[in-house]
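Asks: I'll drop the sequence and a predicted model, then ask my questions.
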Amino acid sequence: MMKEKSAQQEEFQPRAEALDLLVAHLAKKGFKDADEITRRIQAASELAMVRAVYNTISLEISPTPLYRLTFNPNNNTVDFELLEGRARVPKEFSRDITLMDMIIGANYRDRIPLLFEGITGIGKTFSVEKYMKTVLPEEFSKVLRLNFAMSNVQQPYINGEIRDGVLYLHLNRNAMRQVVFLFVDEKNRGDTNQVLQMQDSEIALSTGERGYLGTFIPLIREKKDQKGNATGEYEIVFSEDYLRKLVMMGAQNPARADDAKYSATVKTDAASANRDLTINVPNAASRDGSSIYVTQSQNKQHLRFRKSYLGYLCELLGIAPKSAVARSLEKILLPGGGLGDGEEREAANLNMLSLYAFTTDPKKTEKRIIKSALEFSDCIIYLASGNLKREFEIECEDAKDWTERLAAYGVDFTYDQTFEDESEKMKRIAGIKFEEDFIRRDTAKSKKIADLLATIKDFTEALKHPDPLTALLDQSPYITLEDMADAYSIVLSDKKQPNADGDPIELVNTVLTDYLGLFNDFAAEMKSPGFSIDNDACAIRNYAIHFALRSISGMKAGQEYTPDEYAKPMIEALETAVRKLRTLDQGSDVKKLLIARAIADIATFAGFIDEYKGDIQARFKETLKEKDKGQRALLQLGQLEALLKEKKQDATSEEIYHQRLSRMFGV
């Protein structure tokens with residue numbers, strides 16, 4: 001094992017002997033690729049950790065059901081229900097999300113600061129603290145309980161000393177690498193600037209001293225000989241540039257504006273509230289009833305977790321219980337059959353910390369948002385923005401402007417339909433009142449929640465499978481339309497004004513129904529496949545792109561083509577796609593909005609082709625050597641994506657390409 005050094009070497013020294021053994025075991029079994037070994041160990045460790053957590057705490061905590069999420073694939077509708085602590089009868093296509101599911105899932109994602117809000121005594125702090133003490137040795141997690149006299153959330157990471165009667169503060173560099181999970185009780189009493197910094201895994205003192213919070217993630221790397229050739233052996237390295245960022249969660253009582261009993265509680269600062277995922281924790285006492293009497297408070301939960309985790313991990317990776325590898329792992333992680341003492345205890349804990357960082361590293365399980373989910377999300381954002389008539393006019397204006405700019409091609413991208421915001425459906429959508437406007441951070445939050453929900457779905461479904469490891473490894477690599485629909489159900493319901501009219505779920509379902517109806521009608525017109533939730537090609541704009549690429553599929557390798565010979569057929573094909581789109585609104589004002597936006601985006605792509613037709617000519621020339629037309633189109637699509645990325649980094653590139661084509665190409 002080695003640690004890559006920087007100019008400022010930290011004192012903290014990570015350890016990963018246990019991970020080293022797992023790598024050697026898989027290499028011996030025939031797994032030779034470092035990325036494959038990494039993903040296999042991570043997936044097995046994730047399943048082992050999740051299973052061990054539930055196994056350890058299930059007798060101590062009564063479940064708190066929060067949400068029921070339903071996505072019916074037969075009619076493509078969603079339903080969202082706040083469960084208020086009520087455990088429901090299982091239902092087809094539904095999955096229930098508990099408080100513990102959210103805590104566990106958030107621990108595998110990047111910077112999702114959960115904020116649990118509710119009255120005193122319902123288990124907010126208890127649940128998170130129980131999870132922390134189960135998964136991590138006690139020195140690697142902290143609980144801060146703030147009050148009116150103490151609002152400093154930086155406490156775990158600072159040291160102080162008095163010199164000549166003056167208090168000097170400085171950062172505790174070891175704590176910055178060791179305290180990886182922080183729970184702040186009464187978080188709304190904390191200093192907002194400190195809270196926001198630490199949610200970004202940063203810390204800064206008034207002295208100017210600053211640093212990053214998090215621990216080292218072990219990296220599995222194949223060793224090379226002096227000539228740079230692979231040796232078939234592996235090493236574990238650490239880098240200060242690759243840290244598992246701090247996981248920070250909080251809890252608080254309702255603000256006095258929401259509940260007069262909590263007269264000393266202030267409302268969360270808006271800057272912090274916009275970043276938090278607030279979960280209103282219900283009082284489930286009546287649901288639990290006397291069942292609470294038979295929960296068992298037990299000690300040594302981390303030791304029980306560690307034993308359970310190691311047993312499951314060995315089982316998933318095919319390590320026999322009495323084998324040399326199993327005995328070596330037990331010696332490292334369970335010295336003397338327990339947590340050990342002195343140096344043995346420290347080494348065991350540091351190994352567990354490395355396994356925790358390796359397993360919960362968000363980059364290892366990061367999902368890309370599928371194109372249909374991207375397009376659907378754009379529809380939601382669009383309709384939640386308010387002033388829909390003006391938004392419709394903007395889309396039509398842009399399409400008209402592109403028609404004028406591209407007049408030399410004789411194409412028409414205009415959309416001349418009228419939009420009525422006085423229909424009953426539009427009135428209901430406009431009548432949904434939110435506490436604050438829908439902002440860019442809500443968009444980012446929705447994607448994070450969708451990622452979180454997809455993570456929970458992955459490990460819960462895999463654990464039900466006869467072969468959990470294979471099931472997890474085979475899960476979809478995408479955040480799907482279902483995940484985004486569920487996420488927006490949560491976000492919009494959270495933003496809705498209390499007791500106000502309007503149902504955010506109606507907005508989600510209206511968009512979902514009309515978007516999928518429009519997509520399937522367009523797919524039929526384009527003679528392309530209908531909607532499939534795991535098919536990344538399924539998107540209106542993507543079908544238009546491929547239709548444009550089909551227009552040049554007859555080009556032959558070795559023949560020279562001018563920039564205009566590429567641009568003209570593609571732009572004309574995009575006009576054909578728009579002409580088909582214009583006919584599909586079926587009198588629906590929602591569909592008119594979606595069509596107007598899609599047309600303006602497609603017209604922008606036509607403008608991009610015209611402006612950069614010389615670049616397209618140069619980039620497409622090599623692709624003509626590919627004889628298979630389907631593969632050639634994919635190569636050309638990749639070249640268009642690369643060109644868009646390049647132009648987005650160009651200060652002279654037009655902003656409209658950034659704004660519209662990013663969602664069109666998903667880059």
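Replies: Yep, that arrived.
Asks: okay, CA-based contacts and neighbour counts for the rest of this
Replies: Noted.
Asks: show the contacting residues for T231.
Replies: 222-225 (CA atoms under 8 Å, 6 or more residues apart in numbering).
Asks: also D601?
Replies: Applying CA under 8 Å, 6+ apart to D601 gives the contacts 541, 660-661, 664.
Asks: just name the closest of these to M150, please.
Replies: Nearest to M150 out of the contacts of D601 is R660 (CA to CA; 47.3 Å).
Asks: how close does the closest one get to L584?
Replies: To L584, R660 is 22 Å away according to CA to CA, to the nearest Å.
Asks: next SSE downstream of the worst-scoring helix or strand of the chain on mean pLDDT?
Replies: One helix or strand of the chain scores below all others by mean pLDDT, DSSP states H and E: strand 2-4, with a mean of 55. Next helix or strand after strand 2-4 toward the C-terminus (DSSP states H and E): helix 17-28.
Asks: buried residues, stretch 150-159. List them.
Replies: If you call a residue buried by 16 or more other CA atoms under 10 Å, then stretch 150-159 has these buried ones: 151-154, 156-157.
Asks: need the residues that contact it.
Replies: So stretch 150-159 is contacted by 142, 144, 146, 169-173, 175-176, 179, 184, 189-191, 194-195, 203 (CA under 8 Å, 6+ apart).
Asks: same question, stretch 614-621
Replies: Under CA under 8 Å, 6+ apart, the answer for stretch 614-621 is 557, 561-563, 566, 609, 636, 639-640, 643.
Asks: how about stretch 421-428?
Replies: With contact meaning CA under 8 Å, 6+ apart, stretch 421-428 is reached by 388-389, 502, 589-590.
Asks: can you lay out the contacts of D601 as CSV showing distance to E129 and neighbour count?
Replies: Below are the contacts of D601 laid out as CSV (distance: CA to CA, whole Å; neighbours: other CA atoms under 10 Å):
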residue, distance to E129, neighbour count
R541, 47, 25
R660, 44, 18
L661, 45, 21
M664, 43, 24
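Asks: can you name the two of these that sit furthest apart?
Replies: Taking CA to CA, no two of the contacts of D601 sit farther apart than R541 and R660, at 10.8 Å.
Asks: what about the longest strand in this protein?
Replies: In the chain, ranked by residue count with DSSP state E as the criterion, the top strand is strand 230-239.
Asks: direction included, what does the helix or strand following that strand pair against?
Replies: Of the helices and strands lying after strand 230-239 in sequence (DSSP H and E), the nearest is strand 243-245. Strand 243-245 pairs in its sheet with strand 214-216 (antiparallel), by DSSP bridges.
Asks: now do the strand it pairs with: distance to the chain's middle.
Replies: 20 Å (CA atoms, centre = their mean, to the nearest Å).
Asks: can you select the buried ones among the contacts of stretch 614-621 for me in ChimeraX?
Replies: In ChimeraX, a selection of the buried entries from these looks like this (16+ other CA under 10 Å):
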select :563,566,609,636,639,640
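Asks: tell me the contacts of the spatially most distant residue from the centre of the chain?
Replies: Of all residues in the chain, D164 has its C-alpha farthest from the mean position, at 49.9 Å, by CA atoms, centre = their mean. Going by CA under 8 Å, 6+ apart, D164 touches no other residue.
Asks: give me the phi and psi angles of it.
Replies: Phi and psi for D164, reported as degrees, to the nearest 10, are phi 60, psi 40.
Asks: repeat for V184
Replies: phi -110, psi 110.
Asks: buried ones in the helix or strand harbouring F547?
Replies: Assigned by DSSP H and E, F547 falls within helix 540-550. By neighbour count on 16+ other CA under 10 Å, the buried set for helix 540-550 is 540-550.
Asks: now do stretch 454-465
Replies: Result for stretch 454-465 [16+ other CA under 10 Å]: buried residues 454-460, 462-463.
Asks: cool, and stretch 370-386?
Replies: 370-384, 386.
Asks: make JSON lines out of the buried residues of stretch 454-465 and add pLDDT, distance to G30 and secondary structure.
Replies: Below are the buried residues of stretch 454-465 laid out as JSON lines (pLDDT from 0 to 100; distance: CA to CA, whole Å; DSSP: H, G, I helix; E, B strand; the rest coil):
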{"residue": "A454", "pLDDT": "95", "distance to G30": "31", "secondary structure": "helix"}
{"residue": "T455", "pLDDT": "96", "distance to G30": "29", "secondary structure": "helix"}
{"residue": "I456", "pLDDT": "96", "distance to G30": "31", "secondary structure": "helix"}
{"residue": "K457", "pLDDT": "95", "distance to G30": "30", "secondary structure": "helix"}
{"residue": "D458", "pLDDT": "96", "distance to G30": "26", "secondary structure": "helix"}
{"residue": "F459", "pLDDT": "96", "distance to G30": "26", "secondary structure": "helix"}
{"residue": "T460", "pLDDT": "96", "distance to G30": "29", "secondary structure": "helix"}
{"residue": "A462", "pLDDT": "97", "distance to G30": "24", "secondary structure": "helix"}
{"residue": "L463", "pLDDT": "96", "distance to G30": "25", "secondary structure": "helix"}
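Asks: now the residues you listed in TSV, please, with extra columns for distance to T64.
Replies: What follows is the buried residues of stretch 454-465, written out as TSV (distance: CA to CA, whole Å):
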residue	distance to T64
A454	20
T455	19
I456	15
K457	17
D458	20
F459	19
T460	16
A462	22
L463	20
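Asks: next, give me the two most distant ones among those residues.
Replies: Farthest apart among the buried residues of stretch 454-465 - using CA to CA - are A454 and L463, which lie 14.3 Å from each other.
Asks: now, among the contacts of stretch 421-428, which is nearest to G431?
Replies: G431 lies nearest to G502 out of the contacts of stretch 421-428, by CA to CA, at 5.7 Å.
Asks: which element, helix or strand, includes L303?
Replies: Secondary structure from DSSP H and E places L303 in helix 301-316.
Asks: who are the packing partners of the strand or helix carrying I380?
Replies: Per DSSP H and E: I380 is located in helix 371-384. Helix 371-384 makes packing contacts with helix 481-495, helix 504-525, helix 655-665 when contacts are defined by 3 or more CA pairs under 8 Å, 6 or more residues apart in numbering; DSSP states H and E.
Asks: which one of those is the most hemmed in?
Replies: The highest average neighbour count among the helices and strands packed on helix 371-384, using mean count of other CA atoms under 10 Å, belongs to helix 481-495 at a mean of 23.
Asks: hang on, N280 packs against I119?
Replies: No. In terms of CA atoms under 8 Å, N280 does not count as a neighbour of I119; the distance is 9.5 Å.
Asks: okay, those two: which has more neighbours?
Replies: Neighbour count, other CA atoms under 10 Å: between N280 and I119, N280 has more, with 20 against 17.
Asks: that one pairs with what?
Replies: Where N280 sits in a bridge, its partners, by DSSP bridges, are E117.
Asks: dump the residue contacts of it.
Replies: Counting by CA under 8 Å, 6+ apart, N280 has contacts 116-118.
Asks: switch to 10 Å and redo it
Replies: 66, 82, 84, 99, 115-119, 124, 251, 253-254, 494 (CA atoms under 10 Å, 6 or more residues apart in numbering).
Asks: nearest to I449, of those residues?
Replies: For the contacts of N280, the closest approach to I449 (CA to CA) belongs to D494, at 12.3 Å.
Asks: wait, that closest one touches K433, no?
Replies: No. Judged on CA atoms under 10 Å, D494 makes no contact with K433 at a distance of 11.4 Å.
Asks: mutual contacts of those two, please.
Replies: Contacts common to D494 and K433, judged by CA under 10 Å, 6+ apart, are P504.
Asks: next up, phi/psi of the residue nearest to L353 when sequence neighbours are not counted, please.
Replies: In space, and not counting its chain neighbours, L353 is closest to L136: 7.3 Å by CA to CA, 6 or more residues apart in numbering. The phi and psi values for L136, taken as degrees, to the nearest 10, are phi -120, psi 150.
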